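Q: pasting a predicted model and its sequence here:
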Amino acid sequence: MGPGMSLELRPSLRQEVSLRQQNVLIQEHVLSLRISLIHALTGSEYKPYARCPQCERELAPREIIAGFNTDPNNFDTTCTRCGHRFAPILRYANQHGSGEMPFYCSAQALEKLRGMEGLSPEVLRKKEHAAYNSAIVHHGSLKAAFAKIGVKYAFVELTDPKRKITPFLGRLPDTVIAELSDVSVHSVRQLRKKLRIGACSRQSMLDEIGE
């Protein structure tokens, strides 16, 4: 490859790196907004936390979730610096108190919830505290979590979700808001249009991030 061709590739390489960085920022932004929306809907504030015991790197929530595998019996994530696997925690605060517990990936939480669809949210929260809260972080509600394994959950969990989702319209995709709030995509879209709020897009998220 001659010098001229090498120079021609450099802008493309820089653009590729920039796109990767933008994608990471968007993923972190979406996850942060998801957790904020869950807080607004449920009153529970969550923060996935993991500090590698081997190299002391503190993982971002996005890295924690990406580092899980789908083995329901393996509760470790992967350090993005040294590759060491270890168990993360979930910090929480709500009307019931505050503290920390093991943080499970979606597959692990769903596996622990199997057969418990007959339990109310209050009972399930006490019986499987870590699985319950991990499922809420990943899916927003028990109804959405059980739906992932083809089970209908009959209990009502959220009150007045349409009012609570309003600050997030246009900031998250309608489908994400619908999934977390148990409001249909059609209703979310209609509410957003009624309030004359534009649809969430890659560019609108980058604008909000400040890129």
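A: Sure thing, it's come through.

Q: and the lowest mean pLDDT element among the helices and strands of the chain?
A: helix 3-42 (a mean of 81; mean pLDDT, DSSP states H and E).

Q: tell me which helix or strand comes right after it.
A: Helices and strands here follow DSSP states H and E; after helix 3-42, the next one along the chain is strand 45-49.

Q: after that next one, next one along is what?
A: helix 61-66.

Q: state the distance from Gly43 to Glu56.
A: In this view, Gly43 and Glu56 are 33 Å apart by CB to CB, to the nearest Å. Every C-beta, even on glycine, is put in place using the N, C-alpha and C of the backbone.

Q: if you count what's nearby, which of those two comes out ahead?
A: Gly43 (13 against 10; other CB atoms under 10 Å).

Q: give me every residue that touches that one.
A: Contact partners of Gly43, counting by CB atoms under 8 Å, 6 or more residues apart in numbering, are Asn94, Gln95.

Q: how close does the closest residue in space to Cys105 that isn't next to it in sequence sit to Lys47?
A: Residue nearest to Cys105 in three dimensions, not counting chain neighbours: Phe68, with 3.5 Å by CB to CB, 6 or more residues apart in numbering. To Lys47, Phe68 is 17 Å away according to CB to CB.

Q: okay, these two: which has more neighbours?
A: Between Phe68 and Lys47, Phe68 has the larger neighbour count (other CB under 10 Å), namely 20 against 14.

Q: burial count for the closest residue to Phe75 other than its chain neighbours?
A: The shortest distance from Phe75 to any non-neighbouring residue, by CB to CB, 6+ apart, is to Ala87 (5.1 Å). Other residues near Ala87 number 13, with proximity taken as other CB under 10 Å.

Q: confirm for me that Ala87 is in contact with Pro102.
A: Yes: Ala87 is in contact with Pro102 according to CB atoms under 8 Å; the separation is 6.2 Å.

Q: what residues does Ile177 make contact with?
A: By CB under 8 Å, 6+ apart, the neighbours of Ile177 are Leu37, Ile165, Phe168, Leu169, Val183, Val188.

Q: swap in 7 Å and give it another go.
A: Residues counted as contacts of Ile177 (CB atoms under 7 Å, 6 or more residues apart in numbering) are Leu37, Ile165, Phe168, Val188.
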